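**Q** below is the sequence, then the predicted model.
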Amino acid sequence: MNLPKLEDMNSERFLEEAFDETFRAQWVKKARIRRNVYMGLFIVGMLCMFYTAITSWMTLCILSLFLATVSLVVMSKYETQLQFLTVLQLRDARKNSEPDHS
């Protein structure tokens, strides 16, 4: 089983495939799924933090705050990646819709 390799957003492979329309749809789908997973973890972390703060469990409250913070940071990475891919899609759509003035 070949596990997916975690890569940096500015990796050479990502930048090559982001400008190719066929791979861009796959990257958008993957980025949305990952963003939504981390958004769910952020919401769960926030709910746990409020619950543990009300019940006075300080250690769990701090751990829940840590979960929410890390999830928010990672989620923002995928949101940025998704925004970049959306801008590329809009740029290509605009380029294809403009008539040639040659």
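**A** That came through, no problem. Residues are numbered from 1 along each chain as shown.
**Q** which residues touch the most centrally placed residue in the chain?
**A** Centroid check for the chain by Cα atoms, centre = their mean gives Y78 as the closest residue, at 1.8 Å. Neighbouring residues of Y78 by Cβ atoms under 8 Å, 6 or more residues apart in numbering: 31, 34-35, 38. C-beta: built from backbone N, CA, C; applies to glycine.
**Q** how does it look with 10 Å?
**A** Y78 is in contact with 9, 30-39, counting by Cβ atoms under 10 Å, 6 or more residues apart in numbering.
**Q** looking at these, which are in helices?
**A** Counted as lying in helices by DSSP state H, out of the contacts of Y78, are 30-39.
**Q** for the chain, what are the low-confidence residue spans?
**A** Judged by pLDDT under 70, the chain has its weakly predicted residues at 1-10, 100-102.
**Q** the closest residue to M58 other than its chain neighbours - how many residues pack around it?
**A** Nearest-residue entry for M58: T52, 7.8 Å, with adjacent residues in sequence omitted and distances by Cβ to Cβ, 6 or more residues apart in numbering. If you count neighbours by other Cβ atoms under 10 Å, T52 ends up with 18.
**Q** sorry, back to before: which one of the contacts of Y78 is nearest I62?
**A** Y38 (19.8 Å; Cβ to Cβ).
**Q** surely the closest one touches M75?
**A** Yes: taking contacts as Cβ atoms under 10 Å, Y38 lies within contact range of M75: 3.8 Å.
**Q** next, count neighbours for C48.
**A** 18.
**Q** three-state assignment of the residue nearest to the centre of the chain?
**A** Put simply, Y78 is helix when judged by DSSP: H, G, I helix; E, B strand; the rest coil.
**Q** separation between it and V44?
**A** In this view, Y78 and V44 are 17 Å apart by Cβ to Cβ, to the nearest Å.
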